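Colleague: here is my input; please provide its structure:
(one chain, ligands or ions: 1)
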Amino acid sequence: MSEIDFDHVSKVYAGRPAVSALNLSIHSGELVCLLGPSGCGKTTTLRLLAGFLTPDAGDVRIAGHSVVRLGPEARPTAMVFQRYTLWPHMNVFHNVAFGLKLRRLPPAQIVQKVQRALELVGLPGMERRSPAQLSGGQQQRVALARALVLEPQVLLLDEPLSSLDARLRVTLRDEIRAIQRNLGITTVFVTHDQEEALAVSDRIAVMDQGVLQQLDDPGTLYARPATRFVAEFIGRMNFLPASAGPLLGLDVPDGAELAVRPEDLHFGAVGAPFRAEHVLDLGPVREVRGRLTLPGAAGEVPLTVQLARGEAPDMTAVRVRRALTYRDGALLGDAAPVMGVGA
Ligand SMILES: Nc1ncnc2c1ncn2[C@@H]1O[C@H](COP(=O)(O)OP(=O)(O)OP(=O)(O)O)[C@@H](O)[C@H]1O
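Modeller: The predicted structure follows:
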């Protein structure tokens, strides 16, 4: 059964939809990332779930019950914000204990629960520190402990790592994922960082301009982007006109576009004519940027090919291992090899 359901949810600001007719179901124990460019509606979606916003249309349900009439404090959710959300005048203990005190739990139980939450986030014994004595990463751990201590049914994370440096972001995201798995807590994680989303999610909901583009596991999202927007947004993709199809030995339907990942291209003795312009060394792989020469008046189109390290082929002809086709912004399917040619 799904734990969270957005049922035709819309939210409009000054006549402009921030979220449009959103249908999204999240399973119990699942971690789903909301991913998309700035302004696509991720935060609005999260706030609709947390109860900071009310939808203009549609219903939001948690465990089958509509929550749209409930305020944030009455919902079984807890949220971690981007940054600066600890009370500076309270020490770590009081920051984490705050919600439990509102619930009037006995003091001995509060002490025990706070202790356990701090252990969970890797900060045991930090009760007496003030937020000013903590690093940014430690502050976010405390913010996470403050949410987890409430034992919410649903954990909401709004870009919780975006104010941290790159290395710490990776450490903390892995820790969050481990804690989430361990507790089996249903989690919605907002990020604009696709690598972060691919690394932590069971499934990713990609949004663009308030519209859900695709909801899938990271592998499927990368291998079969459902829309041209997702194909372009996740990873890197070369888009080529249909006229490049025959050169690459592919049958491309009329009016369709070819989409090929750089790692699905390789150089060969025969293939489509390619002119290398420059080679970028990216550590484990190298990337060759150049141009594909199309037949007749069509001219040249840019093309990026990924090479394994140490590979030093003749770079004048390029071949394709796998390609997709898109028409009117939607995935048509795999580009089929032209009979008898096959790359
Ligand atoms: N209070 C508001 N009043 C008017 N428009 C708003 C308001 N909040 C959000 N919007 C608009 O709604 C759209 C979606 O905003 P939202 O904050 O959900 O996007 P986002 O994907 O979270 O972006 P970001 O990654 O930049 O935080 C944007 O066009 C934004 O300008």
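Colleague: report pLDDT for the closest residue to Gly71 other than its chain neighbours.
Modeller: Closest residue in space to Gly71, ignoring its immediate chain neighbours: Gly51 at 5.4 Å, by Cβ to Cβ, 6 or more residues apart in numbering. C-beta coordinates here come from the backbone N, C-alpha and C atoms, glycine included. Looking at Gly51, its pLDDT reads 96.
Colleague: burial measure for Gly51, as a count.
Modeller: 19 (other Cβ atoms under 10 Å).
Colleague: ok, now how distant is the residue at the greatest distance from the centre of the chain from Pro241?
Modeller: In terms of distance from the mean C-alpha position of the chain, Gly296 ranks first, at 41.2 Å (Cα atoms, centre = their mean). Distance, Gly296 to Pro241, using Cβ to Cβ, to the nearest Å: 12 Å.
Colleague: equivalent analysis for Ile26, please.
Modeller: Distance, Ile26 to Pro241, using Cβ to Cβ: 39 Å.
Colleague: and those two? Which one has more around it.
Modeller: It is Ile26, of Ile26 and Pro241, that has more neighbours when counted by other Cβ under 10 Å, with 23 against 14.
Colleague: buried residues in stretch 125-133?
Modeller: Residues Met126, Glu127, Arg129, Pro131 are the ones in stretch 125-133 that count as buried (16 or more other Cβ atoms under 10 Å).
Colleague: just checking, the third one is part of a helix?
Modeller: When you say that, I think you mean Arg129. No: assessed with DSSP: H, G, I helix; E, B strand; the rest coil, Arg129 is coil; it does not lie in a helix.
Colleague: who's in contact with it?
Modeller: Arg129 makes contacts with Asn91, Val92, as judged by Cβ atoms under 8 Å, 6 or more residues apart in numbering.
Colleague: again, 10 Å this time
Modeller: Arg129 makes contacts with Asn91, Val92, Phe93, Asn95, Leu123, Gln138, Val142, as judged by Cβ atoms under 10 Å, 6 or more residues apart in numbering.
Colleague: of those residues, closest to the ligand?
Modeller: Set against the ligand, the nearest of the contacts of Arg129 by Cβ to the nearest ligand atom is Val142 (22.9 Å).
Colleague: OK, contacts around the residue of the stretch 101-250 of the chain found nearest the ligand?
Modeller: Nearest to the ligand, among the residues of the stretch 101-250 of the chain, is His192, at 4.9 Å (Cβ to the nearest ligand atom). Contacts for His192 (Cβ under 10 Å, 6+ apart) come out as Leu34, Leu35, Gly36, Pro37, Ser38, Gly39, Cys40, Lys42, Glu159, Ser162.
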